[in-house]
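Student: The following comprises the amino acid sequence and a computationally predicted model.
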Amino acid sequence: MLNRLQESDIKLLRVFYAVASCNGFTAAEPVLRMQRPNISAAIKKLEERLDLVLCHRGRGGFQMTKEGEVVFQETKRIFNAFDNFVFNLKSLHDDYSGHITLVLMAGLPLSMHLAVSKAVKSTMKKFDDIHVNIQTRLYNEVEHVALSGECHLVVSTYDMVKPESVTFHPIGITTDGRLYCSPTHPLAKYRDTAALPENIKIEDYPAIGISGLSSANYIDNESRLAIQTFSDSFDAAMSAIMTGEYIGLLPDYMAKEQGAALGLVPIANGSLYNFSHDLFVMNGKNTRLNPVLRHCIKELTYFIAESQK
């Protein structure tokens, strides 16, 4: 079992990171500039060092084990932090080259993803030695990745008390949402009513919550949603809602873009548990905002705001 990380281990982890990112040995060959037998030997050596089976390979194709997934996520975190360290170090010498890691909250609408692409393109055009790595993270992870130094910038909504250790750059738009159910749910028949009948209590119907979302979202006047379970993203919550077993909060853009074809129903004409969350570009206070990052923040703010007009 590994007790101390050596330089040779870092090289083996980079091989594994590339293989896992490419979802296979063959796809990783041009990335690593290594032949498959050498890649296989490196993975085997790493597994021996860690005393873990990281992946299965064979006729069934490449598949990571649960342990491999953990190692992959930790490796991603380490390499992101290292790239950020190098980038920040270079900027002290006015050398604006290297990699920027930009994290997007999972479930943002397609229009915002296109806007982010335009902002990244603009930044890379102005600073031609910059490469931008775009990742998505679950809603309950965005604050952590901003604080930990795993990334430079985060684009996400945020509705909790803002920590002093994170800087929030408002984009100037909000994401609105409300309470939804599936077309097979008993409350679906109240789609067009202004309010629920007095004998119908929302607390009697199991609801799904979102990990990391403020509990204030689940309270509407004197009623409170009966949260039975939690999901780690709005996407997963929508899937649970569509089973007909739960009601839950969803952003309107998701219901419009993805839920329309599924028949998602806004309960009581969309009058219940309305929420409005501000969208931000975020960075940890320890992130040095050099001209590259400042330009990227400016472009993200502009293009995302324009995409919602």
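Tutor: Arrived safely, thanks for sending. Numbering: from 1, shown residues only.

Student: Just the pLDDT at V86, thanks.
Tutor: pLDDT, V86: 71.

Student: Show the contacting residues for it.
Tutor: 98-99 (Cβ atoms under 8 Å, 6 or more residues apart in numbering). Yep, even glycine has a C-beta here, placed from its N, CA and C like the rest.

Student: Report the buried residues of stretch 300-309.
Tutor: For stretch 300-309, a neighbour-count test (16 or more other Cβ atoms under 10 Å) marks 300-304, 307-308 as buried.

Student: and if you look at stretch 212-219?
Tutor: By neighbour count with 16+ other Cβ under 10 Å, stretch 212-219 contains the buried residues 212-213, 217-218.

Student: In helices, which of the residues you listed fall?
Tutor: Among the buried residues of stretch 212-219, DSSP state H puts none in helices.

Student: Which residue in the residues you listed has the weakest pLDDT?
Tutor: Lowest pLDDT among the buried residues of stretch 212-219: G212, with 86.

Student: Roughly how far does it sit from A237?
Tutor: Per Cβ to Cβ, to the nearest Å, G212 is found 12 Å from A237.

Student: again with V155
Tutor: Separation of V155 from A237 (Cβ to Cβ): 20 Å.

Student: so is T174 in a helix, a strand, or just coil?
Tutor: Following DSSP: H, G, I helix; E, B strand; the rest coil, T174 is assigned to strand.

Student: residue boundaries of the helices in the stretch 151-300 of the chain?
Tutor: Using DSSP state H, counting those that start in this stretch, the helices of the stretch 151-300 of the chain run over 234-241, 252-254, 291-307.

Student: Tell me which of those helices sits most buried.
Tutor: Of all the helices of the stretch 151-300 of the chain, helix 234-241 has the most neighbours on average by mean count of other Cβ atoms under 10 Å, namely a mean of 22.

Student: Tell me how far the spatially most central residue of the chain lies from Y190.
Tutor: When Cα atoms, centre = their mean is applied to the chain, the residue found nearest the centroid is R137 (1.9 Å). Per Cβ to Cβ, R137 is found 35 Å from Y190.

Student: just G212 next, same as before
Tutor: Following Cβ to Cβ, the distance that separates G212 from Y190 is 29 Å.

Student: K76 now?
Tutor: As judged by Cβ to Cβ, K76 and Y190 stand 45 Å apart.

Student: Same check on P266?
Tutor: P266 sits at a distance of 10 Å from Y190 (criterion: Cβ to Cβ).

Student: before we move on, back to that, mind putting the buried residues of stretch 212-219 in JSON lines, distance to C296 included?
Tutor: Below are the buried residues of stretch 212-219 laid out as JSON lines (distance: Cβ to Cβ, whole Å):
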{"residue": "G212", "distance to C296": "25"}
{"residue": "L213", "distance to C296": "27"}
{"residue": "N217", "distance to C296": "30"}
{"residue": "Y218", "distance to C296": "35"}
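
Student: which among these gets closest to L147?
Tutor: G212 (13.6 Å; Cβ to Cβ).

Student: and the residue nearest to that closest one when sequence neighbours are not counted, how many neighbours does it have?
Tutor: Nearest non-adjacent residue to G212, counting by Cβ to Cβ, 6 or more residues apart in numbering: N140, 3.1 Å away. By other Cβ atoms under 10 Å, the residues close to N140 number 15.

Student: Fine by me, thanks again.
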